[in-house]
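**Q** following is a predicted model, sequence given first.
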Amino acid sequence: MTDGMGRTIDYIRISVTDRCNLRCRYCMPEEGVERIPHERILRFGEIRRIVAVLAGMGLKKVKITGGEPLVRRGVTDLIAGIRAIPGIENITLTTNGVLLEEMYDGLAGAGLDAVTVSLDTLDPARFREITRRDEAQRVIRGIRQAVLKNRIPLKINCVPMGDPEEQGILELVELARSQPIHVRFIEMMPIGPGTGFPFVSEEAVKGFLEARVGTLTPCSDVMGNGPCQYYAAEGFCGRIGFISAVSHKFCSECNRVRLTAEGFLKTCLQYDTGVELKPLLASGCSDEEVAAAIEKALRSKPSGHDFGGCGQTAGAERRGMSQIGG
Ligand code: SAM
Ligand code: SF4
């Protein structure tokens, strides 16, 4: 399937819940988070139907996200159900890792192809400061378990948000030295509370790391869903990656759409363009009608975001990252 600009769309990020067991300062406020009522959230059957329609149009890859996807009851069944849809070649998960240890075997059994743990620091005090919760040890245990069992390839995503030294970025990268973990840095995007954070560019993180682990050499031996640029460091088992939507805009190669927990098929991270699928499904329409609505939305997928350069704020986005799914 292609959009109005001829870009191939074969990847969807599905937010299965707006709820989360952390409160990362750049993503969610501590208080006053309005919960979407249960009845407005897509049922698993509705999600599977949307994915099946999209798979018939050329969708190949699915990312399960949130909120925190592992707090949605039955998410492993959903993963197994999506994995079984003809045409779906790859299903992955992004999680904060708090529930990873206890759910790891279930996720592996469901056929999950890869897991990304979002972890901004290994330091428990700093973790508490960033996430407003005291869960660092649980996340670290989850990662340890994933490395030991080695049933699902693992990546770690970190959002730099200040002094790399103080955040403990080197310690995170060191995880990739002796273990097959890829550690990736995502530039803070001016969405929701992230707007108020100091911007740390890819160049700044790369410079910091090269001064400590040596030259980072571009490489292309890591499979993924999109725009991550990977580097190899001498003596490292895993790779170091950068996803830099602000300093290295990659919209011309955009391959994705997003589905919110309420069933809005969102065609661009920044803009509110897309189509509400839940009412359409509820109206009793055919799969062909769902496909036609999706095609129409894809025709008007924006050409790109307008984050406006390093550190500048973007136009207001109604949803925060925890509702969009990253
Ligand atoms: N709770 C899960 C997690 O943390 O991985 C999935 C949802 S979370 C919204 C997905 C990703 O978005 C996380 O890696 C998080 O760090 C990232 N994120 C949240 N707000 C962001 C922002 N303003 N800029 C860049 N990344 C952000
Ligand atoms: Fe929750 Fe993920 Fe947002 Fe942190 S980044 S508050 S873990 S949804």
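**A** That came in fine, so what should we check first? Ligands and ions are numbered 1, 2, ... in the order given.
**Q** near ligand 1, which residues of the protein?
**A** Residues of the chain lying close to ligand 1 (CB under 6 Å from any ligand atom) are 20, 26-27, 65-66, 68, 94-96, 118, 157, 159, 186, 188-189, 191-192, 194, 321-322, 325-326. Every residue, glycine included, has its C-beta placed from N, CA and C.
**Q** again, only this time at 8 Å
**A** Within the chain, the positions lying close to ligand 1 (CB under 8 Å from any ligand atom) are 15, 20, 22, 24, 26-27, 65-69, 94-97, 116-118, 120, 157-159, 186-195, 197, 245, 320-322, 324-326.
**Q** need the contact list for the residue in the stretch 201-326 of the chain that ligand 1 sits nearest to.
**A** Here the residue of the stretch 201-326 of the chain nearest ligand 1 is residue 326; by CB to the nearest ligand atom that distance is 2.8 Å. Going by CB atoms under 8 Å, 6 or more residues apart in numbering, residue 326 touches 13, 65, 94.
**Q** now it: how far from residue 188?
**A** If you measure residue 326 against residue 188 using CB to CB, to the nearest Å, the figure is 12 Å.
**Q** the stretch 151-300 of the chain: helices as residue ranges?
**A** Under the criterion DSSP state H, counting those that start in this stretch, helices of the stretch 151-300 of the chain are mapped to 164-167, 169-178, 202-213, 278-282, 287-299.
**Q** most packed of those?
**A** Among those, the stretch with the highest mean neighbour count (mean count of other CB atoms under 10 Å) is helix 169-178, at a mean of 18.
**Q** can that one be said to contact ligand 2?
**A** No - using CB under 8 Å from any ligand atom, we find that helix 169-178 stays clear of ligand 2, coming within 15.6 Å at best.
**Q** contacts for that helix?
**A** The contact list for helix 169-178, computed with CB under 8 Å, 6+ apart, reads 119, 121-123, 143, 156, 158, 160, 164, 181-183, 185, 205, 208-209, 212-213, 233, 235-240.
**Q** how far out from the middle of the chain is stretch 194-206?
**A** Between the centre of stretch 194-206 and the centre of its host chain there is 18 Å, according to CA atoms, centre = their mean, to the nearest Å.
**Q** got the phi and psi for residue 58?
**A** Torsion angles at residue 58 (phi, psi; degrees, to the nearest 10) stand at phi 120, psi 0.
**Q** run a quick check on it versus residue 1, I expect a contact.
**A** Yes - if you go by CB atoms under 8 Å, residue 58 and residue 1 touch, sitting 4.1 Å apart.
**Q** quick one: neighbours of the spatially closest residue to residue 189 that is not a sequence neighbour, just the number.
**A** Nearest non-adjacent residue to residue 189, counting by CB to CB, 6 or more residues apart in numbering: residue 245, 5.8 Å away. Residue 245 has 19 neighbours, counted by other CB atoms under 10 Å.
**Q** please apply the same query to residue 111.
**A** Considering only other CB under 10 Å, residue 111 is surrounded by 15 other residues.
**Q** helix/strand/coil for it?
**A** For residue 111, the secondary structure call by DSSP: H, G, I helix; E, B strand; the rest coil comes out as coil.
**Q** which residues sit in contact with the closest residue to it other than its chain neighbours?
**A** Residue nearest to residue 111 in three dimensions, not counting chain neighbours: residue 83, with 4.1 Å by CB to CB, 6+ apart. Taking CB under 8 Å, 6+ apart as the criterion, residue 83 is in contact with 91, 110, 111, 112.
**Q** go with 10 Å
**A** Listed by CB atoms under 10 Å, 6 or more residues apart in numbering, the contact set of residue 83 reads 62, 89, 90, 91, 110, 111, 112, 113.
**Q** give me the residue at the spatial middle of the chain.
**A** residue 326 (4.5 Å; CA atoms, centre = their mean).
**Q** do you know how far that one is from residue 235?
**A** Looking at residue 326 against residue 235, where the rule is CB to CB, the gap reads 31 Å.
**Q** pull the CA atoms of whichever helix or strand residue 116 is part of into CSV?
**A** Using DSSP states H and E, the element containing residue 116 is strand 114-118. The C-alpha trace of strand 114-118 is given here as CSV (Å, rounded to 0.1, in the frame of the first residue of the first chain):
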residue,chain,number,x,y,z
ALA,A,114,11.6,-8.5,19.2
VAL,A,115,11.2,-6.4,22.3
THR,A,116,12.4,-2.8,22.9
VAL,A,117,12.8,-1.7,26.5
SER,A,118,12.6,2.1,27.0
